[in-house]
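S.K.: Kindly generate the corresponding structure for this input.
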Amino acid sequence: MEYGVALPTMVRGVEGRDLLDWAHRAEAAGFADLAVLDRLVYGNDEPLVALAAAAAVTERIRLTTGILIAPYRSNTALVAKQAASVHHLSDGRLSLGVAVGARPDDYAASGAGFGDRGRRLDAMLAEMRKIWAGGDIGPEPPGGDPEILVGGRAPSALRRAVAHGDGYFAAAGPPQTFAERAADVRRRWREAGRPGSPRMVAQAYYALGPGADTAVREHLGDYYSFAGRLADMMIKGAPTTPERLRETAGAFAEAGCDELVLVPCASGPEQLDLLAETLEEAA
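M.R.: Here you go, the predicted structure:
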């Protein structure tokens, strides 16, 4: 199982220069992937813009939207061009994770409809494939199209991953839930007659070092403030010690995860250093 790490774009107060330093350090530490989350009505940087900046200070690490809430972006051609541009500027390193999202306020702020977002995402993914293959709207993706990973919890999301994706990007949650959804995606993949195997990616929140419990409680309590009991579940599920993080990683590996993306609840560079040390000890 590979390990990725998310840029701390969702952590309140993070500075732009700190995000670029984080990207550079993540590559130097040997992480396979650098991911970004997405919200509109929040204080984060826009994911594709953040990855374009990260591409400028890295050379090898994969760059992933984990995930992009595509349907609140109403212009599919523009999204396709932006994704192709990041893929081009990074020399083919973009992995485009997409999902419908769960926050009505993101859609209200963009003027997009909320109730039909799943249907619109299906249409967007089909259109983006055509745009990348057509050549009229460039740049031409180097080495082929960006990988598409589809996220979401509903059965329709699992169907979408098979119909339009190269793999599945699971929302944060326990390893057992990931294992169940991964098995469902693989079954659907086989039944659809698709060759090979879908790439299966999971994510987990974490914080390490002094103040880790406080960082998790404050960050996830803020980020999931709309979610009630889900916020409590996320807080309880986030590892805050090296031992528990290694246990969590091992459980995801046993569940058939190809890559685990660790999402920091604090933005200090020591979080990246402590994570790299913890995972090295687990190897």
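
S.K.: show me what contacts T58?
M.R.: T58 is in contact with A23, H24, A26, E27, L34, S90, counting by CB atoms under 8 Å, 6 or more residues apart in numbering. Yep, even glycine has a C-beta here, placed from its N, CA and C like the rest.

S.K.: my bad, Y168
M.R.: Counting by CB under 8 Å, 6+ apart, Y168 has contacts L149, V150, G151, L158, A161, R181, A182, V185, P198, R199, M200, V201.

S.K.: Now for the most centrally placed residue in the chain: which residues touch it?
M.R.: Most central in the chain under CA atoms, centre = their mean is G66, positioned 1.4 Å from the mean C-alpha point. Contacts for G66 (CB under 8 Å, 6+ apart) come out as G4, A6, A35, V36, L37, G97, L149, G151, F169, V201, Q203, V261.

S.K.: Make a markdown table from the residues you listed and add neighbour count, distance to P142 and pLDDT to it.
M.R.: Below are the contacts of G66 laid out as a markdown table (neighbours: other CB atoms under 10 Å; distance: CB to CB, whole Å; pLDDT from 0 to 100):
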| residue | neighbour count | distance to P142 | pLDDT |
| --- | --- | --- | --- |
| G4 | 24 | 21 | 98 |
| A6 | 23 | 24 | 98 |
| A35 | 28 | 21 | 98 |
| V36 | 28 | 21 | 98 |
| L37 | 24 | 25 | 98 |
| G97 | 28 | 19 | 98 |
| L149 | 27 | 19 | 98 |
| G151 | 25 | 25 | 98 |
| F169 | 29 | 22 | 98 |
| V201 | 28 | 22 | 98 |
| Q203 | 26 | 27 | 98 |
| V261 | 26 | 24 | 98 |
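
S.K.: Identify those among these that sit within strands.
M.R.: Taking DSSP state E as the definition of strands, the contacts of G66 contribute G4, A6, A35, V36, G97, L149, G151, F169, V201, Q203, V261.
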